[in-house]
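Peer 1: Sequence and predicted structure, then a few things I'm wondering about:
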Amino acid sequence: MNNHQTRNRICYAVFSLLIILAGYTIENPYYIQVLTFIGINTLLALGLNMLMGYAGQISLGHAAFFGIGAYGTAILTVHYNLSPWLALPAAIAAAMIVAYIVGIPTLKLSGYYLGMGTLGFGMIVNILFREWSSVTGGASGFIGIPTLELGPVSFSSGRNYFFLVWGFVLTSFIICQRIIDSRIGRALRAIHDGEKAASAVGVDTRKLKLQVFVLSAAFSALAGFLYAHLVFFISPGTFSFIASIRMVTMVVIGGMASIWGSLLGASLLTLLPEWLHAFSEFEMVVYGLILMIVMIFLPRGLTRGLLDIYERANKKNDH
Amino acid sequence: MELIPWPELHAMDQSIMQEILQYLFSGITNGAIYAVIAIGFSMLYNSTDLINFAHGEFVMLGSLCMVTFFGSMHLPLVPAIILTIICVAIAGLVFERLAIRSVKHPEPIVLIIITVGASIFLRGLGMIIWGKDAYSIPSFSSHPPLDIAGAKLLSQSIWIIVIFLVASVGLQLFYKKTLTGKAMEANAISKRAAWIVGIPSKLMVMLAFGLSTAMGGLAGVIIAPITMSSYDMGTMLGLKGFCAAMLGGLGSLWGALIGGFLLGILEALGVGFVSSGLKDATAFVLLLFILYVRPGGIISSADANRF
Amino acid sequence: MTTELPLLEIKTVFKAFGGVQALSDITFSLNPGSITGLIGPNGAGKTTLFNLISGVFPVDKGKIVFSGTGIKNKKPHTLVDIGISRTFQNVELFESMTVLENILVGQHTRTRCGMWGSILRFPWVAGEEKKAHQFAMELLDFVGLNGHADKTSGDLPFGWQRLLEIARALASRPKLLLLDEPAAGLNIVETMQLGDLIKKIREQGVTVLLVEHDMSLTMEISDWIVVLDQGEKIAQGTPRTVQADEKVIAAYLGTAGKKTED
Amino acid sequence: MLLVNRYRPMMLILSIMAIASLLVTSPAFSASEKKPFKIGGIFAVTGPASFLGDPEKKSMELVVEQINAAGGIDGHMLEAVIYDTEGDPSKAVMGVSKLINKDNVIAIIGPSRTPTTLAVMPMIQKAKIPFISCAAGNKIVAPIDPWVFKTAQSDILAVAAIYENLKAKNTKKIGIISVGNAFGESGKEQLIAQAAGSGLAVTKSETYGAKDTDMTAQLTKIRQDNPEAIVCWGTNPGPAVLAKNIQQLGLDIPLYQSHGVASPKFIELAGSAAEGIMLPTGKILVAGLLPDSDPQKEVLNVYISEYEKKYATSVSGFGGYAYDAVKILAAALKNSNGDKEKIREAIENTKNHVGVSGIFNFSKTDHNGLSPEAFVMVKIKDGTWELLK
């Protein structure tokens, strides 16, 4: 146990060092921006991974919370002139409240029914973003979201924003790691392994599932907040069904029930289109093929899959 | 207070009736499309416990094949339809053989991602083969629309409903009367038991896949004349069909039928009496309501916990 | 036997599934510190009764009283909290987790660190974890699985999985332990060890209700036997009186007797 | 769990690899001897707006090729770097960031859609780089941003052209149906905003989904108030479905479409239902019908023949936005020596530039530079266009 904690501490120390290193050595604002997007996607994947990987509950509508975070801060800062730093907790709270209300009936479902329930919820929220145009700007989008500022520091420049996003990512990683290593995390994994047995050893499965649903909504909303103040413009398309599917894909490709898998999945899905650019017309075909092949041969995601291969190779070497 | 003279009142009534009838016809047309797509979902789920998120793309393939065979190559109607359905079914079989059967641990999440991957792949393929443009083909027959009490029922709608009825009666007969159909049903209920009595389970799954994608192709065929076909038409249709299947009760043929028509009609009435902008929301609000109140769907053949 | 209040009372309980009456008019009670065997041929309703006591299904009619309070319609996790713990007929471990983690989850109701506690790591949380650890180790010792704490539970041999499941059930410090066919799938030696373990559990002051097909085991360790047949209670008493009961012989031992012989 | 923990560092290495690979994927662009002017293009080449982005990309490549064949600008060759947005604002932001920071372009053409344009504008403002959008939305140039221009005709002008036609026919009541995306919404806003000024009453304003298969329900609702005309605002294929539905329902109400369907594809899709439909369009669609006196005629003919020769496909009404943008930019690049502020000023002072989409007269207060003459009204007759006067 102690060993495990030290190892974790070393990992996070190295990780933070890498962030600082990257932030100061990478000069080109484009790369900084790409890494910032990766950070935001990592937050999305991480939140959903807590729900899917640890609690074993699928959600095909998580982009709704991403959107609530983004629209929440946009509406509060632009229409009500609120400071973004006050809008942040408000937007996150809004997503959490919505998650709580929706979660109570939805999480009673399981399997495809849960998938469809969350999908329907996501669609409805997206239609609201589009149709409630007096507040959200409708299909044309919401313009004029302000720059984040903290005293003399302005988060408009790439480097500052990079550190802000990755600071949040690091904090979120630590929060999730702590939850996973705690009594709550064990109970979550127990639910994943067998809901009936978990409830028979005293885990209030409904309450816990709801808590994690709310927690993952909070991470998604945080990502939405960061997205809105990075791009300064949001439109409903960014938070559509496709976005929800992308989030699920990040989690599954990266590796379920793995914090680092979220990072890997988010990095890959952010970078993949860049790499596939060379295929031009064939981009979609190749993208679809990659998804299928990874899932067929490494159904537990890249992180676990590669570990398995590594272990097998090691075993062979041993004998 | 002035009383409205009755002939006028009568006229008003009539126009409202005519309107409602028109909404119904509009709903029935869309509903039949949703129902055919929903049947594809349900059939597959029934035999394999799988939801094919690429089903909408098979509908797209059907539509675009029809554009090629009927629209550009000018084949006669029936051969064009049959050829299209065969092509789509073959695509479905290849997909099952290469992708689905290679999965060692068929967990729902893994299968969802694989079928989503397939849907992106097929969309890309459609774009390469047919390009980014939309296509349209003429209606199967050039009858003028049917006029019923002032409301118009499009000739293609009649085609859709007739083809839909033929297909569902055919399926019903297949399941109930033929040995293969019964074997498929047995396989759906318990793979082990079916295997023990000598039903080749793998073949049955493959057959189910072929039939399901063939239904998808059929849906594409009947949609092609009323709307425009393009490589990206499948996603929304697939979602609506899935929605309809869930509404009616996943795994039930009659459920798919009821779900499809209910969805179509409510959408049309939603446009008429609520707001056209919220049309799609109508479908999904209804879906959530059903899921919360009666998770198994209107005709629940199995409990909602089935994975 | 004693003048103490019974720990668990089943009072005229009825349960039906669809049209099938699974249990009708069942009444009996468990004395604190006793081992009670619940027997009956297949389909007698034993597992259904277990599921009613552990809150998996609601009771149709009648009452179940635990330590003086009615527990009808309480959720399984609340029942664990007030002291009822169970195992399953087909072992249900958290297979991807280690042996130790399984027992730590078993202590879920006896620990209280929540979301905030785990995120902020309050000073008391570490203490709680440490205590939970110690107790888990003690339990592993108790069931004889010491030294295997870090193994993945799904990889254990079946007999050990049984023991682990019992240890996990004990982790919630129950007053009443429900064991659903604990000897199924065990060999003779393992069964004997199991018998000893159940007696040891009773010595710790835990009341045991046991469903078991292995007659020799049941008759040997039980203080009291309740016999069900087709959803009805047909007899109860000490092992000796039950074995002599003609109704039981007719309904149960007559047919199942063969089973004990082989 | 422990097994996984042991390999945590490995996962870290994986993530380092992911980051490192970023750096690897950047092919270092080596400057050619002549030090070319690098200009960026960003269009929705694929995705739902590819009908805009694809011809725009082709048109941009066409002009760049021509200019280079003619010896470039002041001896500098033009180099176009073009990225695909897929119509997605996030991808557009990434693409523009890449153009500005990695490719170091001196000006940017595109994106194709209003939301993607609005999404990248904050970056343009910060980077202070000349930018000519190909999107229709009026929000792009109102309020005016010094660095942002656009060549596509605003929907304001399109609506004005339709309303002028309606007014001439003494129409009083119209029904609107628009697609549920940015294009439809922006059109709807303009239609409603300008209605009163043209003496029109909008009785119903409905929307449809871009992928809807049937719109008879919306039409039934619009029909209730007996409007004298229906205006549909969308891009293919939705408006063609609508046209078919109107025909099938036997509605005898004149139908107006937007410039969003101004392409032969629309007639092909709608078939016989297209007959009698009226719409505003840039002159490119009816170049052959224009009188020889029309100042744009020559430019249009040149563009059409060059485009069709190079790509062996019929010209689209939308590629012209990029064609004009590159032409305007090329003119501004002259004597600029690549100085961004000079380029910007030169664009702002462009006068009487005869383009495909109209005659551009930019100024400090007008960054679109087009007048209502940029649009003509056409009617579909016998499967082809007929100029309305």
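Peer 2: Arrived safely.
Peer 1: Please name the residues that touch the closest residue to B:G131 other than its chain neighbours.
Peer 2: Distances taken as Cβ to Cβ, 6 or more residues apart in numbering or on different chains put B:Y231 closest to B:G131, at 7.8 Å, once the chain neighbours are dropped. (Glycine included, C-beta is placed from N, CA and C.) By Cβ atoms under 8 Å, 6 or more residues apart in numbering or on different chains, B:Y231 lies in contact with B:M60, B:L64, B:R123, B:G126, B:M127, B:W130, B:G131, B:K132.
Peer 1: Got the phi and psi for B:Y231?
Peer 2: Dihedral pair for B:Y231: phi -60, psi -20, per degrees, to the nearest 10.
Peer 1: Repeat that for C:V226.
Peer 2: phi -120, psi 130.
Peer 1: how close does it get to chain B?
Peer 2: Separation of C:V226 from chain B (Cβ to the nearest Cβ, to the nearest Å): 32 Å.
Peer 1: Let's see if you can find the most crowded of the contacts of B:Y231.
Peer 2: Among the contacts of B:Y231, B:M60 has the most neighbours (other Cβ atoms under 10 Å in any protein chain shown), with 32 neighbours.
Peer 1: what does chain B put close to chain D?
Peer 2: B:15, B:19, B:22-23, B:25-27, B:29-30, B:33, B:127, B:132-136, B:138, B:145, B:152, B:154, B:223, B:226-228, B:230, B:232-233, B:235-237, B:267-268, B:271-272, B:276-277, B:279-280 (Cβ under 8 Å from any Cβ of the partner chain).
Peer 1: other SSEs contacting the helix or strand where B:I39 lies?
Peer 2: Counting by DSSP states H and E, the element that carries B:I39 is helix B:6-48. Helices and strands touching helix B:6-48, by 3 or more Cβ pairs under 8 Å, 6 or more residues apart in numbering or on different chains; DSSP states H and E, are helix B:55-66, strand B:151-153, helix B:155-177, helix B:179-189, helix B:201-223, helix B:234-248, helix B:253-273, helix D:216-223.
Peer 1: For the ones you listed, state which one has the densest average packing.
Peer 2: Stretch with highest mean neighbour count among the helices and strands packed on helix B:6-48: helix B:55-66 (a mean of 30; mean count of other Cβ atoms under 10 Å in any protein chain shown).
Peer 1: and that helix, is it in reach of chain A?
Peer 2: No: between helix B:55-66 and chain A, judged by Cβ under 8 Å from any Cβ, nothing touches; the nearest distance is 9.7 Å.
Peer 1: and that helix, what's its mean pLDDT?
Peer 2: Averaged across helix B:55-66, pLDDT comes to 95.
Peer 1: Using CSV, write out every CA atom in it.
Peer 2: Output of helix B:55-66 as CSV, limited to C-alpha atoms (Å, rounded to 0.1, in the frame of the first residue of the first chain):
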residue,chain,number,x,y,z
HIS,B,55,-27.7,0.2,-39.1
GLY,B,56,-28.5,3.7,-40.4
GLU,B,57,-25.5,3.4,-42.7
PHE,B,58,-26.9,0.2,-44.2
VAL,B,59,-30.1,2.2,-44.9
MET,B,60,-27.9,4.7,-46.6
LEU,B,61,-26.2,2.0,-48.6
GLY,B,62,-29.6,0.7,-49.7
SER,B,63,-30.7,4.2,-50.7
LEU,B,64,-27.6,4.9,-52.7
CYS,B,65,-27.5,1.4,-54.4
MET,B,66,-31.1,2.1,-55.4
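Peer 1: List the buried residues in whichever helix or strand comes after that helix.
Peer 2: Using DSSP H and E, the helix or strand that directly follows helix B:55-66 along the chain is helix B:77-98. For helix B:77-98, the neighbour count (16 or more other Cβ atoms under 10 Å in any protein chain shown) marks B:80-81, B:83-85, B:87-89, B:91-93, B:95-96 as buried.
Peer 1: rewinding a little: going by mean pLDDT, which of the helices and strands packed on helix B:6-48 comes out lowest?
Peer 2: With a mean of 80, helix B:179-189 has the lowest mean pLDDT of those.
Peer 1: which SS class is D:Q153?
Peer 2: Assigned by DSSP: H, G, I helix; E, B strand; the rest coil, the conformation of D:Q153 is coil.
Peer 1: What residues are bridge-paired with the closest residue to C:F88 other than its chain neighbours?
Peer 2: Among residues not flanking C:F88 along the chain, C:D180 sits closest, at 5.7 Å (Cβ to Cβ, 6+ apart). Beta-bridge partners recorded for C:D180 (DSSP bridges): C:V211.
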